[in-house]
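Peer 1: after the sequence you'll find the predicted model.
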Amino acid sequence: MGRVEKPSRKDSYVKGGYYDYSLLFLTLFLVAFGLVMIYSTSSYTAQIAKGDSMYYLKRQGVSAIIGVIGMLILSKMDYRIFLAKLPILKMRFVTLIYFVAIILQIYVLIFGMEINYKKRWISLGKFGTFQPSDLSKVAVILFVSYLIYLSPKAISKFSGFMRIAIYISPLIVLIGKENMSTAIIICLIMGGICFVASKKKGYFVIAILLMVGAFALFLLFGEAFRLNRFDIWLNVETNEDAFQILQGLYAIASGGLTGKGLGGSMQKLGYVPEAQNDMIFSIICEELGLFGAVTVLILFVLLIWRLFIISINSPNLFGGLMCAGVLIHIAAQVIINVAVVTNSIPSTGIPLPFISYGGTSVAVLLAEIGLVLSVSNQIRYER
């Protein structure tokens, strides 16, 4: 009998033949569902305030189209391009993105457009507005992943974590001045990526205590309205500032098991202010009921599961951590948004990914999915 040769590594695996269509279709479905809910939620107020019932739908639709195109382009690129060194600037592409994020945050604090006494947006004239803090989330995902990729063993020590925290702290401080909710998300992204990469988890107890302490100091010495949110949370039925949260709870309660039907919400008719934004989940509960709300959450769980699968199968550490960062970003926003809408935690302005109104948010999230799909396209699978 002739000798049977084992297949070579080259013969056993196909590189770049995998593409996660499950993640792609889940993302596109959530975006399409978000557009439907934005129209259902905002058509009445848009007609009154803007004279066009499709005002918010059109703006979100344009951002979604741009985001989908960007997602598809990024998905076919090699994500390792972010590790490339730029010869003119003598720095990595990922480092340049981080510095651009810092510059944009400084710019928005000085020259930004003020809405509701907050400077968070850069005016783009006829093209609307741009919120740099959304881009900063991507910058942090890429930069933290890169720093750990450079020295993976260092993150298993508390000193390694502190080094990364020091690098990211300027961006956190700049964002936190006007947008503490996004600063919290960035802290969670940074801490989550470090936790995933570290072999030793014990020191994260100290890290969490330090971050909670910094958060408490920020509340005590910051603007008074942030402390008032705790009083709203504890006294939602008596605090006069709890109107939005209370109306959102009424919407959830009135939806019952199957809801009032798409378009049948009463709370969106001016009772829940800016319902198409952070409070859109309450309208989903009212119109589609508990069944619809649970279905949406299941879709997010499936999306996060696909992100997890791609992360653990990534061909290198940088790609795996980048996917983990996207997973943490989306999971954190879903959990916090639902918790706020149901009054499980104090109110903070976190949108529901892919569904809440916000052009920059949906475009950036789609770009993040494009990066994950790019990693999936580099996975080698066995024949």
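Peer 2: Thanks, I have it. Residues are numbered from 1 along each chain as shown.

Peer 1: from residue 378, how far out is the closest residue to residue 154 other than its chain neighbours?
Peer 2: Closest residue to residue 154 apart from its sequence neighbours, by Cβ to Cβ, 6 or more residues apart in numbering: residue 160 at 3.5 Å. No exception for glycine: its C-beta is placed from N, CA and C like everyone else's. According to Cβ to Cβ, to the nearest Å, residue 160 stands 27 Å off from residue 378.

Peer 1: okay, now the unreliable bits of the stretch 251-383 of the chain?
Peer 2: Residues of the stretch 251-383 of the chain that meet the criterion pLDDT under 70 lie in 381-383.

Peer 1: show me where it has strands.
Peer 2: Applying DSSP state E, counting those that start in this stretch to the stretch 251-383 of the chain gives strands spanning 380-382.

Peer 1: same check on the stretch 101-250 of the chain?
Peer 2: Using DSSP E, counting those that start in this stretch, strands in the stretch 101-250 of the chain cover 113-115, 118-123, 129-130.

Peer 1: using a markdown table, lay out the ones you listed together with mean neighbour count.
Peer 2: Output for the strands of the stretch 101-250 of the chain, formatted as a markdown table (neighbours: other Cβ atoms under 10 Å):
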| stretch | mean neighbour count |
| --- | --- |
| strand 113-115 | 12 |
| strand 118-123 | 16 |
| strand 129-130 | 18 |
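
Peer 1: need those in CSV (columns: mean pLDDT).
Peer 2: Output for the strands of the stretch 101-250 of the chain, formatted as CSV (pLDDT from 0 to 100):
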stretch, mean pLDDT
strand 113-115, 76
strand 118-123, 78
strand 129-130, 82
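
Peer 1: residue 176 is nearest to which of those strands?
Peer 2: strand 118-123 (11.7 Å; Cβ to Cβ).

Peer 1: residues in contact with that closest one?
Peer 2: With Cβ atoms under 8 Å, 6 or more residues apart in numbering as the test, strand 118-123 has contacts from 104, 107-109, 111-113, 115, 129-133, 178-179.

Peer 1: mind listing the strands it pairs with, and their directions?
Peer 2: strand 113-115 (antiparallel), strand 129-130 (antiparallel) (DSSP bridges).

Peer 1: of the contacts of strand 118-123, closest to residue 291?
Peer 2: Distance to residue 291 across the contacts of strand 118-123 (Cβ to Cβ) is lowest for residue 131, with 33.1 Å.

Peer 1: and the pLDDT at the closest one?
Peer 2: For residue 131, the model assigns a pLDDT of 88.

Peer 1: against residue 321, how distant is residue 110?
Peer 2: Distance of residue 110 to residue 321, given as Cβ to Cβ: 33 Å.

Peer 1: ok, residue 373 next?
Peer 2: For residue 373, the distance to residue 321 - Cβ to Cβ - is 16 Å.

Peer 1: please look at residue 231 and residue 239 and confirm they touch.
Peer 2: Yes: the pair residue 231 / residue 239 is scored as a contact, 5.8 Å apart, by Cβ atoms under 8 Å.
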